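**Q** Below is the sequence, then the predicted model.
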Amino acid sequence: MKNDDWRGYLNPVVRDMPPSGIRRFFDLANEMAGVISLGVGEPDFVTPWRVREACIWALEKGYTMYTCNQGLLELRNEISFKIENRYGLHYEPKTEILITVGSSEALDLALRAVLTPGDEVIIPEPCYVSYGPTTLFSGGVPVYVATSVKDGFQVTAAQVEKVLSPRSKVLLLCYPNNPTGAVMEEKNLAELAELAVARDLIIISDEIYDNLVYGVTHIPLATLPGLKDRTILINGLSKAYAMTGWRLGYAAGHPAFIEAMTKIHQYTMLCAPITAQMAAIEALRSGGAAVARMVEQYDRRRRLVVRSFNEMGLYCFEPKGAFYAFPDVSATGLDSEEFAETLLREEKVAVVPGGAFGPSGQGFVRCAYAASMEDLSEALKRIGRFVRRASGGRPAGQTAVAER
């Protein structure tokens, strides 16, 4: 091997991994002036003042040191209280909760803790862009299950059962869902729970959007019979508390899972930043009212976005959770990538092509409505103008909504 052929030294899994489709459009948008970005799932709200004040106080008092690997016990106590108070699930703070650097680290730790090379991870898609790559980095094999708009983007036990093999080990779920905004119905959850127990599957449940639901109730998988011990619950403060940059997440689960995850965490990340942990304590204690206000605003934006897309002739599934709309843009005659790239170039609105989230996302785009009403209104005006041009001056797919 020539010394200048440095790519040859790389792990082939890493070398051949494509970059995130989300970040690509985010980077493109950053290079252009006047772009309204509906691409990245980040709240436009500022972290509530009392939470920021707690961080300032911690700095002033000299809280700039390491914490124990598992995170501050005071924070783990607050997380335990929150989960039990809201869902009736008890997790022992000392042995069943781990504080991580964002929920993304929690997911990575969970997969690395339970997978051996060749183990299969069942992933319903469209799904968050990191699920497949993180599985591959952990030596696992992603097995994708397609969901569709006609089923409300909810995976069923029957679909999962069809892809099970002797190597199946993990079912990785994300509801409320990114990118579709789907929320699982109780019947589907109950059937998945029965299948997981019968086929001895571990469940990793990414519930980072559990606070962001509209007119429905989020049901944690671990509350279903037989699932608490076999479920690793992933969550964090980024989305609901507008704390993306604080990088504060957590995992809750059986002591065996948490102990294994903590081993990896202590050799790689050591601990989450103490200032973020101190702020998170305050967020969990006093941030409820601020979260409720943000959810109310998201709901207003959600209704505006869904109505607007449908009026354009782009059928839009009604999201019941998270802060994403997932309109079908196929009526324009463009595929997801063409639609997103041309929209960005011609109207300076950034959205993410649905294909970035898996084959089932082709024909759709993801639009984050975690933006101000002013920006959303202007973005929708630009998108409507673009759709009319792409459709030859007519509203796209005039019969699309009725046909669905």
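**A** Arrived safely.
**Q** Domain-wise, how is this protein divided?
**A** The chain breaks down into these structural domains: 6-46+289-390, 65-287 (assignment by automatic domain parsing).
**Q** Turn those domains into a markdown table, columns for mean pLDDT and distance to residue 57.
**A** Using the backbone N, CA and C atoms, a C-beta is placed for each residue, glycine as well. Below are the domains of the chain laid out as a markdown table (pLDDT from 0 to 100; distance: least, Cβ to Cβ, whole Å):
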| stretch | mean pLDDT | distance to residue 57 |
| --- | --- | --- |
| domain 6-46+289-390 | 93 | 18 |
| domain 65-287 | 97 | 8 |
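**Q** Reformat these as JSON lines; add distance to residue 54.
**A** Formatted as JSON lines, the entries for the domains of the chain read as follows, by distance: least, Cβ to Cβ, whole Å:
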{"stretch": "domain 6-46+289-390", "distance to residue 54": "13"}
{"stretch": "domain 65-287", "distance to residue 54": "4"}
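**Q** what's the closest of the ones you listed to residue 56?
**A** Distance to residue 56, taken as Cβ to Cβ, is lowest for domain 65-287 among the domains of the chain, at 9.1 Å.
**Q** distance between the ends of that closest one?
**A** According to Cα to Cα, to the nearest Å, domain 65-287 extends 25 Å from its N-terminal end residue to its C-terminal end residue.
**Q** now it: how far from the chain's centre is it?
**A** For domain 65-287, the gap between its own C-alpha mean and the chain's C-alpha mean amounts to 10 Å (Cα atoms, centre = their mean, to the nearest Å).
**Q** and residue 267, how many residues sit next to it?
**A** Counted with other Cβ atoms under 10 Å, the neighbours of residue 267 add up to 9.
**Q** And for residue 361?
**A** Neighbouring residues of residue 361 were enumerated by other Cβ under 10 Å; the total is 25.
**Q** so who does the nearest residue in space to it that is not next to it in sequence touch?
**A** Counting by Cβ to Cβ, 6 or more residues apart in numbering, residue 361 lies nearest to residue 354, which is 3.1 Å off, once chain neighbours are set aside. Contact criterion Cβ atoms under 8 Å, 6 or more residues apart in numbering gives 126, 179, 326, 336, 360-366 as the residues in contact with residue 354.
**Q** quick check, nearest of those residues to residue 239?
**A** The shortest distance between residue 239 and any of the contacts of residue 354, using Cβ to Cβ, involves residue 179 and amounts to 13.4 Å.
**Q** Return the backbone torsion pair for the closest one.
**A** phi -110, psi 0 (degrees, to the nearest 10).
**Q** tell me the phi and psi of the residue most central in space within the chain?
**A** When the chain is reduced to its mean C-alpha position, the nearest residue by Cα atoms, centre = their mean turns out to be residue 178, at 4.6 Å. Recorded main-chain torsions at residue 178 are phi -110, psi 120, according to degrees, to the nearest 10.
**Q** Count the neighbours of the closest residue to it other than its chain neighbours for me.
**A** Residue nearest to residue 178 in three dimensions, not counting chain neighbours: residue 128, with 4.9 Å by Cβ to Cβ, 6+ apart. Using other Cβ under 10 Å, residue 128 has 24 other residues around it.
**Q** roughly how far apart are residue 128 and residue 277?
**A** 24 Å (Cβ to Cβ, to the nearest Å).
**Q** buried residues in the top helix by length along the chain?
**A** The longest helix of the chain (DSSP state H) is helix 288-312. Of the residues in helix 288-312, those buried by neighbour count under the rule 16 or more other Cβ atoms under 10 Å are 290-291, 294-295, 297-299, 301-302, 304-306, 308-310, 312.
**Q** among those, which two are most distant?
**A** Comparing all pairs in these by Cβ to Cβ, the longest separation belongs to 290 and 312, at 33.1 Å.
**Q** which one of the domains of the chain lies closest to residue 55?
**A** domain 65-287 (4.3 Å).
**Q** coming back round to it: keep only those of the contacts of residue 354 that are in helices.
**A** Those of the contacts of residue 354 mapping onto helices are residue 336, per DSSP H.
**Q** with the contacts of residue 354 in mind, which one is nearest to residue 104?
**A** Checking the contacts of residue 354 against residue 104 by Cβ to Cβ gives residue 179 as the nearest, at 15.7 Å.
**Q** Using CSV, write down the CA coordinates of stretch 161-181.
**A** Extracted in CSV, the C-alpha atoms of stretch 161-181 (Å, rounded to 0.1, in the frame of the first residue of the first chain):
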residue,chain,number,x,y,z
GLU,A,161,-42.3,-11.3,12.4
LYS,A,162,-41.7,-11.8,8.6
VAL,A,163,-38.1,-10.6,8.9
LEU,A,164,-37.1,-12.5,12.0
SER,A,165,-34.3,-15.0,11.8
PRO,A,166,-32.1,-16.9,14.3
ARG,A,167,-29.8,-13.9,14.3
SER,A,168,-32.5,-11.4,15.3
LYS,A,169,-31.6,-9.8,18.6
VAL,A,170,-32.8,-6.2,18.8
LEU,A,171,-36.0,-4.3,17.8
LEU,A,172,-35.1,-0.6,17.5
LEU,A,173,-38.1,1.7,17.7
CYS,A,174,-38.6,5.5,17.6
TYR,A,175,-42.1,6.7,18.5
PRO,A,176,-43.1,9.5,18.4
ASN,A,177,-41.3,9.1,15.1
ASN,A,178,-38.6,11.0,13.4
PRO,A,179,-39.1,11.8,10.4
THR,A,180,-42.8,11.1,10.0
GLY,A,181,-44.3,12.4,13.3
